[in-house]
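>>> next one to model:
(one chain, ligands or ions: 2)
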Amino acid sequence: CSSKYVLSQMHPMWQGPLVVPGGDRQSPIDIVVRKSVFDSELKPLLTNYDPRTCQQIWNNGYSFLVEYDDTADKSTLEGGPLQDKFRLCQFHFHWGESNAWGSEHTLDRRLFPAELHLVHWNSNKYSLFEEAVMEENGLAVIGVFLKVGKRHEGLQKLVDALPAIRHKGSVVEFTKFDPACLLPTNTDDYWTYHGSLTTPPLTESVTWIVMKQHIEVSHDQLAVFRSLLFTSAEEEIQRSMVNNFRVQQPLCGRTVRSSFS
Ligand SMILES: NS(=O)(=O)c1ccc(CCNC(=O)Nc2ccc(Cl)cc2)cc1
Ligand SMILES: [Zn+2]
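Numbering: from 1, shown residues only. Ligands and ions are numbered 1, 2, ... in the order given. I've put the predicted structure just below:
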């Protein structure tokens, strides 16, 4: 697990070998439920999101990101496994071309059709995301599994904005969206472990908080995710934005803690 260079892991989305900094606490991972360790010290998550900090939605050529104004402690996360206050900077999703796969984390090898990531950085210790992304305790990402079922009313406002950002590089204004509506009803039950960003720069600066309860979205809502394109309007060959997930990484002796027994 101290593999400095991961030559074999030619990630489908990023060409060429991925240089993995350190490489012993990479994400995502498979969460082996019965091997997770209950920690009674883990507190309930405390999210305090202000919809007025929602600014824009854009296609970065890999996923779509909903970005928040993180110049002040207005949309924050604390509690859970965290010692500090963390600021929400963006959320995005990972999904598959079919409902059979698409998530980055797995539960006992079980794949979900998609996974939501709410990305926060430690505003007690750092003043910018770019600083925090390089530090061990710099980031906290909440992962929420998506399952196909009933339509998610809160998600629909976001789904309706996607056709406007079909191509890589497109941005549209997107305001007054409360990301709390995307959290499951039960946010007390989660797993937590120390890991990394799942896309370049893959830095090992993330406290992962993976919710036990999933949210449901409709097949049609997921189909709109898949109508996005990896490619910009100028490129001849248009490629559907699907399978934008990283494969599970070695646990390397890490312990996954659970907030519930
Ligand atoms: N997938 S994560 O939460 O570990 C993650 C969080 C933050 C970053 C830095 C900002 N960049 C970004 O979010 N890029 C991105 C997102 C989705 C895809 Cl599919 C590809 C690239 C990178 C990864
Ligand atoms: Zn992600």
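>>> so what's the residue in the stretch 51-200 of the chain positioned nearest to ligand 1 up against?
Nearest residue of the stretch 51-200 of the chain to ligand 1, counting by C-beta to the nearest ligand atom: residue 62, 3.2 Å away. Where you see a C-beta, it was placed from the backbone N, CA and C, and this is true even at glycine. Contacts here follow C-beta atoms under 8 Å, 6 or more residues apart in numbering; on that basis residue 62 touches 13, 199, 230, 241, 244.
>>> now it: which helix or strand?
No secondary structure element spans residue 62, as it lies outside all helices and strands (assigned by DSSP states H and E).
>>> ok but residue 158 is inside a helix, no?
Yes. Read with DSSP: H, G, I helix; E, B strand; the rest coil, residue 158 is one of the residues of a helix.
>>> my read is that it contacts residue 56, right?
No. Counting by C-beta atoms under 8 Å, residue 56 is not a contact partner of residue 158; they are 12.0 Å apart.
>>> between those two, which has more neighbouring residues?
More crowded of residue 158 and residue 56, by other C-beta atoms under 10 Å: residue 158, with 22 against 17.
>>> before we move on, the earlier item: anything in contact with each of residue 158 and residue 56?
By the contact definition C-beta under 8 Å, 6+ apart, residue 158 and residue 56 are jointly contacted by 66, 174.
>>> for residue 205, what are its contacts?
Taking C-beta under 8 Å, 6+ apart as the contact definition, residue 205 lies against 132-139, 196-197.
>>> from the contacts of residue 62, which has minimum pLDDT?
The pLDDT minimum for the contacts of residue 62 sits at residue 13, where the score is 58.
>>> if we can go back for a sec, put the buried members of the contacts of residue 62 into a ChimeraX selection.
In ChimeraX, the members of those classed as buried (16 or more other C-beta atoms under 10 Å) are selected with the following command:
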select :199,230,241,244
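>>> quick check, nearest of the contacts of residue 62 to residue 46?
Sorting the contacts of residue 62 by distance to residue 46 puts residue 199 at the head of the list, at 27.2 Å, by C-beta to C-beta.
>>> how about that closest one, secondary structure?
Secondary structure state of residue 199, per three-state DSSP, is coil.
>>> go ahead and confirm it touches residue 246.
Yes. Under the criterion of C-beta under 8 Å, residue 199 makes contact with residue 246 at 6.8 Å.
>>> for the most centrally placed residue in the chain, which three-state class applies?
Nearest to the mean C-alpha position of the chain, counting by C-alpha atoms, centre = their mean, stands residue 117 at 2.1 Å. Assigned with three-state DSSP, residue 117 falls in the strand class.
>>> once you drop chain neighbours, what's closest to it?
residue 141 (5.2 Å; C-beta to C-beta, 6 or more residues apart in numbering).
>>> again, but for residue 81
Leaving out its chain neighbours, the residue that sits closest to residue 81 by C-beta to C-beta, 6+ apart is residue 192, at 4.4 Å.
>>> quick one: the one you found from residue 143, how far?
Counting by C-beta to C-beta, to the nearest Å, the separation of residue 192 from residue 143 is 10 Å.
>>> between the two, what contacts are shared?
Where contact means C-beta under 8 Å, 6+ apart, the residues bridging residue 192 and residue 143 through contact with each are 208-210.
>>> let's have those residues in TSV, adding secondary structure and pLDDT.
Written out in TSV, the entries for the shared contacts of residue 192 and residue 143 read as follows (DSSP: H, G, I helix; E, B strand; the rest coil; pLDDT from 0 to 100):
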residue	secondary structure	pLDDT
208	strand	99
209	strand	99
210	strand	99
